[in-house]
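J.: predicted model and sequence below, questions to follow.
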Amino acid sequence: MTSPDSQPMYLEREYLPIRAKILEIAAALDRIQRAAKQQTDDSRWDQLQAGIRLLLEEEGERAEQVQLLFSRGYDEQWRETFGFATCD
């Protein structure tokens with residue numbers, strides 16, 4: 001059994017890819033704000049802001065919380081909703 005990597009090892013491996021992703025997100029947010037001609041209420045913008053706030057949380061399970069934020073709630077009627085025939 002191998003021991004888990006230490007924080008410095010993770011940072012050595014992940015720092016540049018994470019930095020690139022943060023820069024990409026910052027550039028996308030800048031483009032969205034520059035393109036906005038008028039202030040509109042858009043739930044997608046609210047979700048993006050909520051997702052960024054989740055990333056700043058000190059507690060773990062950020063990936064799960066972000067996934068749940070952007071996921072649909074379970075719909076028992078999903079087959080009908082999406083036009084799939086039932087297999088009975």
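T.: The structure has been received and is ready for your questions.
J.: name the residues of stretch 47-57 that are buried.
T.: Using 16 or more other Cβ atoms under 10 Å as the burial criterion, the residues of stretch 47-57 that qualify are 48, 51, 54. Placement of C-beta: from N, CA and C, glycine included.
J.: how far does it sit from the chain's center?
T.: 8 Å (Cα atoms, centre = their mean, to the nearest Å).
J.: same thing with stretch 34-48?
T.: Worked out by Cα atoms, centre = their mean, stretch 34-48 lies 17 Å from the chain centre.
J.: who touches that stretch?
T.: Stretch 34-48 is contacted from outside by 29, 32, 69-70, using Cβ atoms under 8 Å, 6 or more residues apart in numbering.
J.: give me the low-pLDDT residue ranges for the chain?
T.: Residue ranges of the chain with pLDDT under 70: 1-3, 38-40, 86-88.
J.: quick one: the helices in it?
T.: Counting by DSSP state H, the chain has these helices, from start to end: 7-35, 43-55, 62-69, 78-81.
J.: what is the nearest of the buried residues of stretch 47-57 to Pro4?
T.: Nearest to Pro4, judged by Cβ to Cβ, of those is Leu54 at 23.6 Å.
J.: so the closest one touches Ala63, yeah?
T.: No: the criterion here is Cβ atoms under 8 Å, and Leu54 misses it with Ala63 at 9.4 Å.
J.: in the protein, which residue is most central in space?
T.: The centroid of the chain falls nearest to Val66 when counting by Cα atoms, centre = their mean (4.8 Å).
J.: pretty sure that residue is touching Arg53, no?
T.: No: Val66 is beyond contact range of Arg53, at 10.1 Å (criterion: Cβ under 8 Å).
J.: how about Glu61, phi and psi?
T.: With angles defined as degrees, to the nearest 10, Glu61 sits at phi 60, psi 30.
J.: tell me how far it lies from Arg19.
T.: 23 Å (Cβ to Cβ, to the nearest Å).
J.: re earlier: and the contacts of stretch 34-48, which is closest to Thr81?
T.: Phe70 (18.2 Å).
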